[in-house]
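Visitor: This is a predicted model, with the sequence first.
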Protein chains: 2
Amino acid sequence: MEQSETDNNILDKFNSLFYPKSIAIVGASKNKIGGTKFWLALQYTRFEETGGKTFLINPKISELFGQKVYPSLLDGDIPKPIDLVIIAVPAKMVPKIVLQCDKIAKFGVIYTSGFGEADNKSLENELKNAINSVSTSFIGPNGLGIINPYSRLAIYPGWGVYKGDISYISQSGGNLARLYMNLGPLGIGFHNCVSIGNSYDISTNDLLEYFYHDNLTKIIALYLESIPNGRKFMQLAKKITPIKPIVLWKGGQTKRGISATHSHTGGLAGRYDVWKAMCKQSGILLADHFELFLDLILVASTRPITPKNLNIAILVAGGGIGVEFTDKFESAGFTIVDLQTKTIDKLSEIFPPINTNLKNPLDLGELSYDPRLFSKAMEIVLKDEGVGSVVFVREAERFSILSKMLGIDDAQKMTIDSLSEIIGKSDKPVICNSSMNIDNEEGYHQRHEFQIKMIEAGIPVVNYIGNIPKILIQFYYYGKFLKNRK
Amino acid sequence: MEQSETDNNILDKFNSLFYPKSIAIVGASKNKIGGTKFWLALQYTRFEETGGKTFLINPKISELFGQKVYPSLLDGDIPKPIDLVIIAVPAKMVPKIVLQCDKIAKFGVIYTSGFGEADNKSLENELKNAINSVSTSFIGPNGLGIINPYSRLAIYPGWGVYKGDISYISQSGGNLARLYMNLGPLGIGFHNCVSIGNSYDISTNDLLEYFYHDNLTKIIALYLESIPNGRKFMQLAKKITPIKPIVLWKGGQTKRGISATHSHTGGLAGRYDVWKAMCKQSGILLADHFELFLDLILVASTRPITPKNLNIAILVAGGGIGVEFTDKFESAGFTIVDLQTKTIDKLSEIFPPINTNLKNPLDLGELSYDPRLFSKAMEIVLKDEGVGSVVFVREAERFSILSKMLGIDDAQKMTIDSLSEIIGKSDKPVICNSSMNIDNEEGYHQRHEFQIKMIEAGIPVVNYIGNIPKILIQFYYYGKFLKNRK
């Protein structure tokens, strides 16, 4: 791969990778788990309806699923140059296919594994030499390649098409899928997702540079196990984070975890405390497990506001859950701030003293499911100068029964509309927890619908209480980084 | 309340509380959020079909929902003695109603709040004096009372009837509901659930003694913020845990958390490290948040096996998730144990070296979704003498597509049946994580169904990876406690 491109032509440079017009799959066979998977995936997203062409390559067969199969990439019937070649042949054959790509293919994805991560050093060297000797640039090996909902690029049949403004680099195909499939249905979509594998050629840093310039990308998500050029990575991150948030999950945090990353993607992972320090210094939001990674991106996408301090106000209905939030926030380093007298006075004009507690954590009682009362409470608490962030609970499953009890048409809609207006005017972080009330299909339906509509209204809903203080702390550090830069 | 009953008559003593034949609700009104809620709940569970009678009491109205309303508990048309009186009148009227109960009511539930937890010391004293002067025994104040699916006792309309062998005492009505409603639909049901509130009369210790003797109770769950007699509690726990596991979630772990418990249930919470030490010494399984509490009970109910050591084997399909499990387990103090040579040899007879990694964490590749292969892998790993516990991932959403790809009728059923047989023969803890593949209704349906069927087959499925090492560590301590007793 050529390394000399300037900022100006980087978008052009990667265009054929992310928006290919022709894709060849080398190693397509009747085995649906191999290279054929990619073709089935492109069928699923109807890639060819965008005007793109696919070519199946296998010297042993001439037809698959009614589609012509070509004996070789070099076949004269395949128009050249090919934008993207997917290589899914046994490991020892990969270098040969890479060499075939020279001059006739712009990009390649090497799906096959069995190189450095399998301690196969000689095959690793052979592959690296092949890559260095050709004009083509490669993703992988040991990577699934690219999902791009805009160009209908896909890697697995049935994964859906979720357009949005997150671009994602993952050193794990599984973690690529998990994030894509868990955020997509919530209305939080993606531009480009890259399963980068061992990255012998195109690196995380190359792609970061691209995402920095790409106007469709507003947030960058990274699942990384190792980084070949840490200094460059940090320079890039410092350039990017003031404009686009970067959320990183580092796989390999412990000794054995780091050794497992070596078996996985073959890199040298480095000590986790060094990564932590690097993230703080370059404004990267850091997650230590999947759900936190997902929630950080969800919040970055929905309401990316940094708190001025770690003073939290907690609004719930119920004493026990108020205690739970207090335990979690205080042990994470927050102050459950004493509300100002005027705040408590205003609240006590609205809420009766029975079955409520107007001391932070605020237990506003079951009556607070009346959206007319709850939105007023939110407004009052957000105006309290001592409060840095607000966290609150709405159990989605309660809206229907409480609509009846309170005689309101649609308590959920009224809640979201009124909260959206009030929270939209505030410059403080606000996070909702929807606290699973019942674990059944109807309950899921109600929670899921509520979460989607809240996100649409600009209010993040985070399911796991324990993650909320961690999210706010990451945004607090991010805010300090942004402030110190000025 | 009389305190002199012997072990032999404790079951008789509490029978009218848990299996009442007559219930009077004092403070029933048109406001459906007040005392009427209890009547609606009993309608929902069809309490009267068990032969029980309900009586609504309110001097201001004579009829409600077509049901006769009596002016007073003392009304001659209400047969005496009444088994259970639910008191839902304003706080200052409560002592008067308590005095009325004398001689005519066996038990009372005081739903009303506004006593010690609201710093209303004089009303608290007045209520305590009233309680001490009458023959009736009381739950509360500030408590919701009792759910008993067997006697159709209920506290909130729509909460379902989930019979099982857990008995649960909670100092939070909200946390009572959450556990009941989240475990019930998974097929893990309850005998008695008690929202005990401030417990001025009937105490946690009284109920523990009852649950110890109650044959229907096999597991005891506790959400506690304070305990009036810690020494007695520990004596009781030491007596119970060798026979029935106790799972405790302590609300109020931090300074402000403890102060919040005071506003909630008015007790003196005590330092969390003292509670932690007490749990270790008395074999109590301890949770620090709701989801862990739920998961501990789920495991105690499904496969209550204590690990001999903290050596874990991790079976997954995918490199990234193997790294995640390794990070979580190692940072929790586990050893990701090197498997024996014979184990690896046997595994390598089954799994090809491509896209797999036969080093712990075991990445068995996508091919391992073939249940015939996966159950063999499980059998081989369980037989490895160095392995203390096994944790594995099956993504429920993948079974249908993989059934097609692998040409198997029902990969999920075959997986559960074969694993159930193999795991059933082992004396090691085994926990499955179903790792959310897609966050939509179909995905939820598949995960939920899988979880229910696995639990039925005796294999616990825990949703949140981070909780699994915590669960196994609690069971490890429990095992050490049981061993040291012998």
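Guide: Received, thanks.

Visitor: Give the next helix or strand downstream of the helix or strand containing A:Lys37.
Guide: Assigned by DSSP states H and E, A:Lys37 belongs to helix A:36-44. Downstream of helix A:36-44, the first helix or strand assigned by DSSP H and E is strand A:53-57.

Visitor: Report the buried residues of that next one.
Guide: A:Thr54, A:Phe55, A:Leu56, A:Ile57 (16 or more other Cβ atoms under 10 Å in any protein chain shown). All C-beta spots, glycine's among them, are computed from the backbone N, C-alpha and C.

Visitor: what do you get for stretch A:211-219?
Guide: In stretch A:211-219, counting by 16+ other Cβ under 10 Å, buried: A:Phe211, A:Tyr212, A:Asp214, A:Leu216, A:Thr217, A:Lys218, A:Ile219.

Visitor: Give me the phi and psi for the first one.
Guide: If I follow you right, that is A:Phe211. Torsion angles at A:Phe211 (phi, psi; degrees, to the nearest 10) stand at phi -70, psi -30.

Visitor: now do the fourth one
Guide: Its backbone dihedrals place A:Leu216 at phi -70, psi -20, with angles given as degrees, to the nearest 10.

Visitor: And for the third one?
Guide: For A:Asp214, the backbone dihedrals are phi -70, psi 120 (criterion: degrees, to the nearest 10).

Visitor: Can you name the residue of the stretch 301-450 of chain A nearest chain B?
Guide: Here the residue of the stretch 301-450 of chain A nearest chain B is A:Gly320; by Cβ to the nearest Cβ that distance is 2.5 Å.

Visitor: now the helix holding A:Lys37 and strand A:53-57, what's the angle there?
Guide: Orientation check (axes from the mean of the first three to the mean of the last three Cα atoms, to 10 degrees): helix A:36-44 against strand A:53-57 gives 160 degrees.

Visitor: Can you tell me what sits against helix A:36-44?
Guide: By Cβ atoms under 8 Å, 6 or more residues apart in numbering or on different chains, the residues outside helix A:36-44 that reach it are A:23, A:25, A:28-30, A:32, A:48, A:52, A:54, A:56, A:64-65, A:67, A:86, A:88, A:111, A:145, A:152-159.

Visitor: out of these, which are inside strands?
Guide: A:Ile23, A:Ile25, A:Thr54, A:Leu56, A:Leu64, A:Gln67, A:Ile86, A:Gly145 (DSSP state E).

Visitor: Touching, the second one and A:Ile82? I think so.
Guide: No - with contacts counted by Cβ atoms under 8 Å, A:Ile25 stays clear of A:Ile82, the gap being 10.6 Å.

Visitor: who touches both of those two?
Guide: What both A:Ile25 and A:Ile82 touch, as defined by Cβ under 8 Å, 6+ apart, is the set A:Phe55.

Visitor: So the two - more neighbours on which side?
Guide: A:Ile25 (27 against 23; other Cβ atoms under 10 Å in any protein chain shown).

Visitor: Beta-bridge partners for that one, please?
Guide: A:Leu56, A:Ile86 (DSSP bridges).

Visitor: Quick check: pLDDT value at it.
Guide: pLDDT for A:Ile25: 97.

Visitor: I'd like the distance between it and B:Ile354.
Guide: 18 Å (Cβ to Cβ, to the nearest Å).

Visitor: and if you look at A:Asp345?
Guide: 70 Å.

Visitor: got any ranges where the stretch 1-150 of chain A has weak pLDDT?
Guide: Applying pLDDT under 70 to the stretch 1-150 of chain A picks out residues A:1-8.

Visitor: Contact residues of it facing chain B?
Guide: Contact residues, the stretch 1-150 of chain A versus chain B (Cβ under 8 Å from any Cβ of the partner chain): A:Lys32, A:Ile33, A:Pro90, A:Ala91, A:Ser113, A:Gly114, A:Glu117, A:Ala118.

Visitor: before we move on, back to that, which of the buried residues of stretch A:211-219 sits closest to chain B?
Guide: Nearest to chain B among those, with distances taken as Cβ to the nearest Cβ, is A:Ile219, at 18.0 Å.
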